[in-house]
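Asker: What follows is a predicted protein model with its sequence.
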Amino acid sequence: MNRHITTIALLIAVSFSCVIDAKISILPSSEKEALSQEILIKITNDHFFKDGALENLNLQLVDALLDYLDSRKIYFTAYEIKQLKKKIDPRDNQVDLQISYELINLYYNRLLEATEYQSNILQRAKFSFTSNEEMVIEDDLKKWPRSKFELKQTWKQVVKNDVLNSLLSEKDLDEAKNNIAKRYKNRVRRISQRNEEDIFSMVMNNITGLFDPHSSYFSPKSAEDFEMTMSLRLEGIGALLTTEDDYPIIVSVVPGGPAEKSGRINADDRIVKIKQVDEDDSASIDVVGWRVDEVVQLIRGKSGTKVELELIPANNEDYSERKWVTLIREEVKLEEQAAKSKIIEVQNGTSMQKIGIIDLPTFYIDFSAWRRRDPDYKSSSKDVEDLLVKFNNAEVDAVIIDLRGNSGGSLFEANRLTGLFVGAGATLQVKESDGSIRPWGDSKAKQVWKKPMVVLVDRYSASASEIFAGAIQDYQRGLIVGHRTFGKGTVQKLDTLSSGQLKLTESKFYRITGSGTQAIGVSPDISLPSAWDNEEIGESALPSSLPWDKIKPIQHKKFQDISKSIGYLKGAHEARIELEPNLKYILDIRERYENQKNKTSISLNLKQREKEKIDRQAWTLVTENKRRLGLSLEIFSNYEELKNFNEGAEPEDIDLDSDYLLNETTKVVTDYLAIEQLILISEAA
């Protein structure tokens, strides 16, 4: 899927009834022509692969734009694409804005044409949902249509599916059609307000995307928005948004923000409606087809006020499934991202042992206070150190550092955090674009925690999280448990342009063993079950991601040989999977996911779709009740009862009852402590 990220205030007006009058015809200005060459020179010279001049640049750019604009292949014909590519000079390695602008203008005008056609169908057609018609949804199976006629057949199917999804959300036909009509109007308004900055940003970000997925261009306005996001000065729900196929999408949630603390909002959730709860006469507003900056303005508001979102859950089998989430707006502060802890007691044979859990959502530091030499500055390493001291005083036997969902942050902090567990020494190696390699570490670090430790990671643990987990694994200081990490092994910098900024990949980092984390991430010693295919996300799934490689290792100590212990721990974990209802529940979800993920088409038959919806709900109820029976818990009598229970649940920061993977990790730690005790006894003998 392609994500259309927009942040610019827009200009061109449009009238919409049954006829669309506006046409998009934006030509590249001389200022943008000059800026495009400035960006190309800078990225070619300063990128990590600085000798990476692209062959046939404009052909690659057109292909990237086609995938970005129309991955579903529903707006361009094969002939149009062929004719456009004929205009490209393969010897020209300068950016040809004329070609790119022509393609984007054609796309927006075709989208306006399609919307007019769909609006007329919506108003005039008598929809029948009784045939066995199906719509192909797998993009890789599609070919570019040969004619406008074929395009219109697809547009007609899209309208029908839009209405069908709305009907399945418990609306009558008239209400469903009215909702879709409003969405189409919103789409036209959004598209018809394009200006040159929008189009130029799109072209430049597709150029930077040819080098790697983390380099990007910021227009002056988007650079300002980026600064505001990084400083967390905005009051809202703490979520980053984009758009995809007209739907506003949650890209990520900010640690410590209302969305994250609710426990009910996830990356890739689609926003359908927004309601201002504190306004008596406020009706819910359908925001499908809206510009992302307009959606953000609806969500933002004064701290303490409430906003309600209707969402299509991520990875849902059908867009008709919805959930409502009410959030209280607040300003996300650094302290809300602070490490959280809990001490639990577990029975280990005849003795009771204590396990300390530290949930670290991000590697944070208040750089302003640090630069002022404020002794009370806030940072993740300081907070974790304080918690470790408390754990030592409480005679905690082992610690779990939970980095799931931790997408990184300060590399400086990852380095210092590692020192708390391994003491002085190198943490990682950094390779610059000029080929020079230097180690990073802390020669003055003091080991605060000397007892057993486990690092819990998942596919969303990235960057600084991977540095920390990789170092702990390389020093054999502790166990890595969970899923393979994201695989972001690159570092970016911000360069100022004559207009805007360029975020540029300038270096790669490597483990002290010489292995890169780029693309492959950090593999756990003990793999936990996952409800979905982790290979579908992560760095390796991103287009143009840089490859894995390795460099020379550097000398480092090893705390212990844990390879023999790992074999036993794996066996004990796998035995529990066969018996533990919560782990079997995860595997049941994964089996369902595997059966559904290769679905290539959807039915446009109402009864068939209703049956599929009922079957999904029945499967959800049966699977949850099977888990509950295994735990001797009261079962739900129907799906609504289950749904209401989930919606009413109050999330806790660290909750072993609902966090099945964390619960299993504590059992891995218990086994680990037992092995450590046996080793000590054998050494003493």
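Answerer: It's in. Numbers count the residues shown, from 1 in each chain.
Asker: What are the boundaries of the helices in the stretch 551-685 of the chain?
Answerer: With DSSP state H, counting those that start in this stretch, the ranges of helices along the stretch 551-685 of the chain come out as 563-579, 581-597, 606-630, 639-648, 660-684.
Asker: Put together JSON lines for these, with mean pLDDT on each row.
Answerer: What follows is the helices of the stretch 551-685 of the chain, written out as JSON lines (pLDDT from 0 to 100):
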{"stretch": "helix 563-579", "mean pLDDT": "93"}
{"stretch": "helix 581-597", "mean pLDDT": "94"}
{"stretch": "helix 606-630", "mean pLDDT": "96"}
{"stretch": "helix 639-648", "mean pLDDT": "90"}
{"stretch": "helix 660-684", "mean pLDDT": "84"}
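Asker: Compile the ones you listed into CSV and extend it with columns for mean neighbour count and distance to I249.
Answerer: Bear in mind the C-beta positions are built from the backbone N, C-alpha and C, glycine included. Shown next, in CSV, are the helices of the stretch 551-685 of the chain (neighbours: other CB atoms under 10 Å; distance: least, CB to CB, whole Å):
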stretch, mean neighbour count, distance to I249
helix 563-579, 14, 33
helix 581-597, 15, 19
helix 606-630, 15, 22
helix 639-648, 13, 22
helix 660-684, 17, 25
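Asker: Just the angle for the strand or helix carrying F149 relative to helix 606-630, thanks.
Answerer: Element membership for F149, per DSSP states H and E: helix 148-168. Angle of helix 148-168 versus helix 606-630, following axes from the mean of the first three to the mean of the last three CA atoms, to 10 degrees, is 50 degrees.
Asker: How much space separates the spatially closest residue to N161 that is not a sequence neighbour from D246?
Answerer: In this structure, N161 finds its nearest non-sequential neighbour in M135, 5.8 Å apart by CB to CB, 6 or more residues apart in numbering. Going from M135 to D246 by CB to CB, to the nearest Å gives 16 Å.
Asker: With I81 instead?
Answerer: 23 Å.
Asker: Tell me how the chain divides into domains.
Answerer: As assigned by automatic domain parsing, the chain contains the domains 30-212, 232-331, 337-490+504-580+662-684.
Asker: low-scoring pLDDT stretches of the stretch 151-300 of the chain, where are they?
Answerer: 223-235, 280-281 (pLDDT under 70).
Asker: all strands of it, in order?
Answerer: 216-218, 235-236, 239-244, 247-253, 270-276, 285-286 (DSSP state E, counting those that start in this stretch).
Asker: what's the closest of those strands to Q429?
Answerer: The closest of these to Q429 is strand 216-218. By CB to CB, the value is 25.7 Å.
Asker: list the helices and strands that closest one packs on?
Answerer: Packing partners of strand 216-218 (3 or more CB pairs under 8 Å, 6 or more residues apart in numbering; DSSP states H and E): helix 196-211, strand 501-510.
Asker: Quick one: the helices in the stretch 251-400 of the chain, in order.
Answerer: 258-262, 292-299, 367-371, 380-393.
Asker: which of those helices sits most buried?
Answerer: The highest mean neighbour count among these, using mean count of other CB atoms under 10 Å, belongs to helix 258-262: a mean of 22.
Asker: any idea how far the nearest residue to R291 once chain neighbours are set aside lies from Y108?
Answerer: Residue nearest to R291 in three dimensions, not counting chain neighbours: R190, with 4.7 Å by CB to CB, 6+ apart. Counting by CB to CB, the gap between R190 and Y108 amounts to 10 Å.
Asker: Now for the closest residue to I265 other than its chain neighbours: which residues touch it?
Answerer: Nearest residue to I265, sequence neighbours excluded (CB to CB, 6+ apart): A259, at 4.2 Å. Going by CB atoms under 8 Å, 6 or more residues apart in numbering, A259 touches 237-239, 250, 253, 265, 327.
Asker: from what I can see Y475 touches G423, true?
Answerer: No. Using CB atoms under 8 Å as the test, Y475 is too far from G423 to be in contact (9.5 Å).
Asker: who touches L629 in this structure?
Answerer: 581, 635.
Asker: Distance check, it against A181.
Answerer: With CB to CB as the criterion, L629 and A181 are 47 Å apart.
Asker: which other residues reach stretch 66-81?
Answerer: By CB under 8 Å, 6+ apart, stretch 66-81 touches 1-2, 4, 103-104, 106-107, 110-111, 114, 139, 142-148, 150-151, 154-155, 158, 202, 206, 245, 543.
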